[in-house]
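Participant: just the structure for this:
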Amino acid sequence: MKLNLYQIDAFTDQVFGGNPACVVPLEKWLPDDMLMKIAQENAVAETAFFVPKKDAIHLRWFTPEIEMDLCGHATLATAHCLKTILNYPSNTILFETLSGELKIEVDGDLYRMDFPSRMPIKAELPAIIAQSLNIQPKEVYKSRDYLLVYESEEDVKNIKINRQQFDLINLDPGGVIVTAVGTNDDFVSRFFTPQASILEDPVTGSAHCSLIPFWAERLGKNILKASQISERVGTLYCENLGERVIISGKAKTYSMGSLWTV
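Facilitator: Okay, the predicted model is just below:
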């Protein structure tokens with residue numbers, strides 16, 4: 001079987017920036033083990049698969065290890081693929097997902113994603129995670145992911161993970177966010193996933209479901225600009241709406257091709 005395959009860099013306006021995701025359109029769902037094998041072969045943080053329905057698009061996300069409940073950058077990549085490559089006629093795209101209905105509004109080259117809010121609550125940091133960090137956080141919170149608050153952007157930049165220690169814990173499907181107030185942005189972050197083939201995710205849209213309400217409350221403002229300061233760097237435009245958050249970003253197509261499953 002021959003399938004189309006698109007690789008798109010999300011949360012950036014330039015190729016080789018942001019977070020790469022693969023997008024594979026389907027006419028009908030393949031077996032889950034085949035979707036997993038394709039994601040493993042693609043070897044990026046997320047591969048998005050979608051099947052068009054009458055009034056919406058059924059969207060699923062796979063890492064090389066598991067199916068995810070929510071992925072921001074692969075959602076953005078899919079919207080970009082639909083709009084700029086597959087000539088999707090509307091500027092509103094509705095996705096049906098494991099996290100419910102997600103609405104994307106296309107505004108020029110900006111994709112506004114309406115996602116659920118996941119306000120983190122105070123938590124204790126597992127010893128395995130604490131022992132894997134070269135700098136300890138000043139505060140610890142948790143929703144799906146652990147959210148570790150640091151004193152400064154410089155601290156976040158300088159975080160190093162002892163992977164041998166870090167991989168002793170399984171947070172399936174979550175990870176560890178490290179964050180601080182930004183120097184030039186409202187806040188910055190990085191994101192790490194234990195036992196994953198890719199330790200540091202370059203730009204993590206779903207992590208901002210927690211980061212946006214947290215920093216909106218902390219900073220007393222609902223419109224925020226954020227950077228994920230991995231090596232590739234990504235920019236996110238954020239809005240806190242209470243039970244929902246708006247995560248906006250740009251994307252660039254890197255490649256278009258085909259794959260064969262037999």
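Participant: name the nearest residue to I223, sequence neighbours excluded.
Facilitator: Setting aside the residues directly before and after it, I223 is nearest to E239 in space (Cβ to Cβ, 6 or more residues apart in numbering), at 5.6 Å. Bear in mind the C-beta positions are built from the backbone N, C-alpha and C, glycine included.
Participant: what sits against the one you found?
Facilitator: 212, 222-224, 245-246, 248 (Cβ atoms under 8 Å, 6 or more residues apart in numbering).
Participant: so which of those residues belong to helices?
Facilitator: I212 (DSSP state H).
Participant: specify which member of the contacts of E239 is nearest to R232.
Facilitator: When the contacts of E239 are compared for distance to R232 (Cβ to Cβ), S248 wins out at 18.3 Å.
Participant: among the contacts of E239, which ones are in strands?
Facilitator: Counting by DSSP state E, these place 223-224, 245-246, 248 in strands.
Participant: of these, which is the most crowded?
Facilitator: Ranked by neighbour count (other Cβ atoms under 10 Å), the ones in strands among the contacts of E239 have V245 at the top, with 26 neighbours.
Participant: is the residue lying closest to I169 once chain neighbours are set aside in a helix, a strand, or coil?
Facilitator: Sequence neighbours aside, I128 is the residue nearest to I169 in space, at 4.4 Å (criterion: Cβ to Cβ, 6+ apart). Put simply, I128 is helix when judged by DSSP: H, G, I helix; E, B strand; the rest coil.
Participant: cool, and H80?
Facilitator: Assignment for H80 (three-state DSSP): helix.
Participant: give me the nearest residue to it, chain neighbours excluded.
Facilitator: That would be A251: by Cβ to Cβ, 6+ apart, it lies 3.9 Å from H80.
Participant: burial count for the one you found?
Facilitator: A251 has 26 nearby residues by other Cβ under 10 Å.
Participant: next one, pLDDT for D201 please.
Facilitator: pLDDT for D201: 94.
Participant: ok so, going back, can you tell me which of the ones in strands among the contacts of E239 is nearest T235?
Facilitator: S248 (9.4 Å).
Participant: wait, what's in contact with the closest residue to that closest one other than its chain neighbours?
Facilitator: In space, and not counting its chain neighbours, S248 is closest to Y237: 4.1 Å by Cβ to Cβ, 6+ apart. Applying Cβ under 8 Å, 6+ apart, one finds that Y237 lies in contact with 110, 225-226, 247-249.
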